[in-house]
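S.K.: show me the folded form of this:
(one chain, ligands or ions: 1)
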Amino acid sequence: MKATVAYFSVTGRNEQVAAAIERELVDRGVTVERVFLKPKNNMGAVGSAVRSLFNRSVELDLPRLPEPADLLALVGPVYASSVCPPVATFLRSLSGLEGAKVINVVCGYNTHPEVIRTINGRLRALGSGPIVERTVRLKDIDSPDRVAALARGVVAEALA
Ligand SMILES: Cc1cc2nc3c(=O)[nH]c(=O)nc-3n(C[C@H](O)[C@H](O)[C@H](O)COP(=O)(O)O)c2cc1C
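M.R.: Just a heads-up that it's a prediction; the model follows:
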């Protein structure tokens, strides 16, 4: 089984979640391609939030799109109550998911079900299979153990 773990992170919290999901998948024998959704021009967190607010997109510095996989794990921050621009651009660049399972994790100071719903809508339009979703407060993943527990939970659910 193959999985793509695509994530965006500025200060490292979402990166920790993505890395924990990758570890959990690898432990279960899944081949993982981890993809950092790197903006072409480093815009910083504030620039990113402003872009989210005004629905401006960013270009990504991705040499190529990830190989098609059986599972896509998407991890990214909430900015200005919106999908962060690198994740939004990535979702626009995908052509089809062909029934792939999806893990959709968004992290923020608060939970944001509306952001999860927006991302899920795009994933379903791309033909995703079942989606395991979590809107996570940073204070609920404030230790490596809690990050690992989150990763274990979403991976177990996605692979069940
Ligand atoms: C400019 C800015 C705007 C933000 N807006 C929100 C928000 O609307 N709601 C929320 O819950 N968190 C918000 N956050 C918190 C981010 O989601 C949080 O910093 C991010 O998940 C940390 O991830 P990272 O360490 O991977 O960069 C905001 C953060 C920044 C810097």
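
S.K.: how far off centre is stretch 117-124?
M.R.: Between the centre of stretch 117-124 and the centre of its chain there are 12 Å (CA atoms, centre = their mean, to the nearest Å).

S.K.: mind listing what's buried in it?
M.R.: Using 16 or more other CB atoms under 10 Å as the test for burial, stretch 117-124 gives 118-120, 122-123. The way it works is simple: take the backbone N, C-alpha and C, and place the C-beta from them, glycine included.

S.K.: run through who's touching that stretch.
M.R.: Contacting residues not belonging to stretch 117-124 are listed as 72, 74, 82-83, 87, 91-92, 97, 102, 104, 106, 131, 133 [CB atoms under 8 Å, 6 or more residues apart in numbering].

S.K.: what comes up buried for the host helix or strand of Q16?
M.R.: Assigned by DSSP states H and E, Q16 belongs to helix 13-27. The neighbour-count criterion (16+ other CB under 10 Å) identifies 13-25 as the buried residues of helix 13-27.

S.K.: next: stretch 45-62.
M.R.: Quick answer for stretch 45-62 (16+ other CB under 10 Å): 47-49, 51-52, 58, 60, 62.

S.K.: mind listing the strands for this structure?
M.R.: 2-7, 31-36, 71-79, 82-83, 101-108, 131-137 (DSSP state E).

S.K.: please work out which of those strands is packed deepest.
M.R.: Most buried of the strands of the chain, by mean neighbour count (mean count of other CB atoms under 10 Å): strand 71-79, with a mean of 26.

S.K.: report the rounded mean pLDDT for it.
M.R.: Strand 71-79 shows a mean pLDDT of 97.

S.K.: helices - which of the buried residues of stretch 45-62 land there?
M.R.: Judged by DSSP state H, the buried residues of stretch 45-62 include 47-49, 51-52 as members of helices.
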